[in-house]
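Peer 1: okay, sequence plus prediction incoming.
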Amino acid sequence: TWSTTGNMTYIRYAHTATLLNTGKVLVVGTQKTNGGQTIPEIYDPSTNTWSTATGFLTYGRNLHTANLLPSGKVLIMGTLDADASPDNGLTIPELYTPAGDIQVSNDGSPVNGMGLPRPEQPNNGKGILGEQRNPTLAIDSSNNAVVAWEDTRFAAMQNWGLSFNYDSDAWRQTNVNLGASNACNGGGGTNNSCGAIPLIQNNPLRVMGQMLNSSGVKQWGDDVSGVNQNNPQDLGLASTGDFSANPAIAPDGANTVLTWESNGRKESNGNARNYDIYGQKFDANGASQWGGTWATTAPATYARYNHTATLLNNGKILVTGTGFDNGGRSIAEL
């Protein structure tokens with residue numbers, strides 16, 4: 001049987017109707033000159049109602065095409081609307097992004113058909129698994145949202161390789177192939193359900209970040225390698241030591257100040273770690289603002305060249321000798 005729905009705002013023909021991933025229907029265009037050429041409408045089957053879509057098309061559309069892309073966006077192309085802007089939209093497509101949540105980070109592990117983790121770069125047998133977690137957010141003076149979070153991706157290693165090495169992008173492989181030794185479900189070969197072996201505590205190694213403008217569009221970074229490794233736009237904000245966690249973030253005008261805890265500094269014995277709080281200021285492009293500067297210190301007593309400078313265990317510098325004919329030839333300074 002047939003039943004009527006709520007009424008559309010505009011009379012339409014020569015239009016398109018596209019089923020969105022949300023279950024709603026996007027209707028675009030009409031050959032009737034009534035405003036509907038540029039104003040799309042959305043049908044919600046759960047409420048049996050129509051509503052005007054947010055955002056209008058730039059060009060009037062009729063007898064066009066509409067394709068639902070794998071990303072969930074809709075590509076509109078072509079028109080026979082003689083009343084549209086100078087180009088008439090004949091050569092300029094438009095892309096509709098449905099309302100919905102925005103994925104901020106891009107380093108989380110995908111899953112296979114069984115819901116188990118798989119490497120991010122499976123075609124060549126490399127990849128690592130990890131989580132993106134514990135986000136924190138600040139709004140800068142330009143109404144951008146700066147988000148920072150913990151990244152555990154470098155704290156897990158995959159068990160598919162037979163050699164232990166790092167490739168050029170620091171992707172770790174291990175010499176333990178549990179699948180080949182039948183140590184997990186469906187073991188054997190390289191396709192197994194083991195996924196990955198987390199390192200001892202799966203500690204977060206880095207603090208990552210991203211800036212979103214007021215429309216939710218990412219502003220930082222680039223996919224340099226052209227593959228799903230550290231892409232497409234996340235920035236590594238902190239990688240001090242081998243443990244960086246618990247980020248906190250605050251706006252400072254157009255800049256952002258980030259603090260985090262880390263075991264970054266090694267003690268003089270080379271083994272012990274010193275857990276401290278670290279901080280950095282980032283500008284609107286994600287570039288570090290603190291450090292990278294020069295400053296003069298108190299002058300030495302003697303002018304020196306061709307001398308030696310030795311770092312002592314207490315952190316001081318012992319300076320001896322000089323090429324100048326002065327007392328510094330025999331008098332050391334600390």
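Peer 2: Nice, I can see it.
Peer 1: C-alpha only now, for contacts and for neighbours.
Peer 2: Will do.
Peer 1: gap between residue 150 and residue 235?
Peer 2: Computed with Cα to Cα, to the nearest Å, the distance linking residue 150 and residue 235 is 12 Å.
Peer 1: again, but for residue 141
Peer 2: Residue 141 sits 20 Å away from residue 235, taking Cα to Cα as the criterion.
Peer 1: neighbour-wise, which of those two wins?
Peer 2: A side-by-side neighbour count of residue 141 and residue 235, using other Cα atoms under 10 Å, places residue 235 first with 20 against 13.
Peer 1: ok, that one touching residue 211?
Peer 2: No: with contact defined as Cα atoms under 8 Å, residue 235 does not count as touching residue 211 (9.3 Å).
Peer 1: overlap in contacts of the two?
Peer 2: Overlap between the neighbourhoods of residue 235 and residue 211 consists of residue 220, taking contacts as Cα atoms under 8 Å, 6 or more residues apart in numbering.
Peer 1: what comes up buried for stretch 306-319?
Peer 2: Neighbour-count burial for stretch 306-319, with 16 or more other Cα atoms under 10 Å as criterion, is recorded at residue 319.
Peer 1: that one: end-to-end distance?
Peer 2: Using Cα to Cα, the two ends of stretch 306-319 sit 11 Å apart.
Peer 1: give me the pLDDT for residue 72.
Peer 2: Reported pLDDT at residue 72 in the predicted model: 86.
Peer 1: that one: which element?
Peer 2: Element membership for residue 72 (DSSP states H and E) is empty, with no helix or strand holding it.
Peer 1: can you tell me the closest non-neighbouring residue to it?
Peer 2: Spatially, and ignoring its direct neighbours in sequence, residue 72 is nearest to residue 21 (6.2 Å; Cα to Cα, 6 or more residues apart in numbering).
Peer 1: do you know how far that neighbour is from residue 96?
Peer 2: The separation that residue 21 has from residue 96, given Cα to Cα, amounts to 13 Å.
Peer 1: of the two, who's got more company?
Peer 2: residue 96 (18 against 14).
Peer 1: is it correct that that one is in contact with residue 74?
Peer 2: Yes: counting by Cα under 8 Å, residue 74 is a contact partner of residue 96 at 5.0 Å.
Peer 1: just the buried positions in stretch 30-50, please.
Peer 2: Neighbour-count burial for stretch 30-50, with 16+ other Cα under 10 Å as criterion, is recorded at 30-32, 36-44, 50.
Peer 1: dump these into CSV; add distance to residue 13 as well.
Peer 2: Formatted as CSV, the buried residues of stretch 30-50 follow (distance: Cα to Cα, whole Å):
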residue, distance to residue 13
30, 5
31, 6
32, 7
36, 10
37, 10
38, 13
39, 14
40, 13
41, 13
42, 15
43, 16
44, 20
50, 16
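Peer 1: host element of residue 208?
Peer 2: Residue 208 belongs to strand 206-212, assigned by DSSP H and E.
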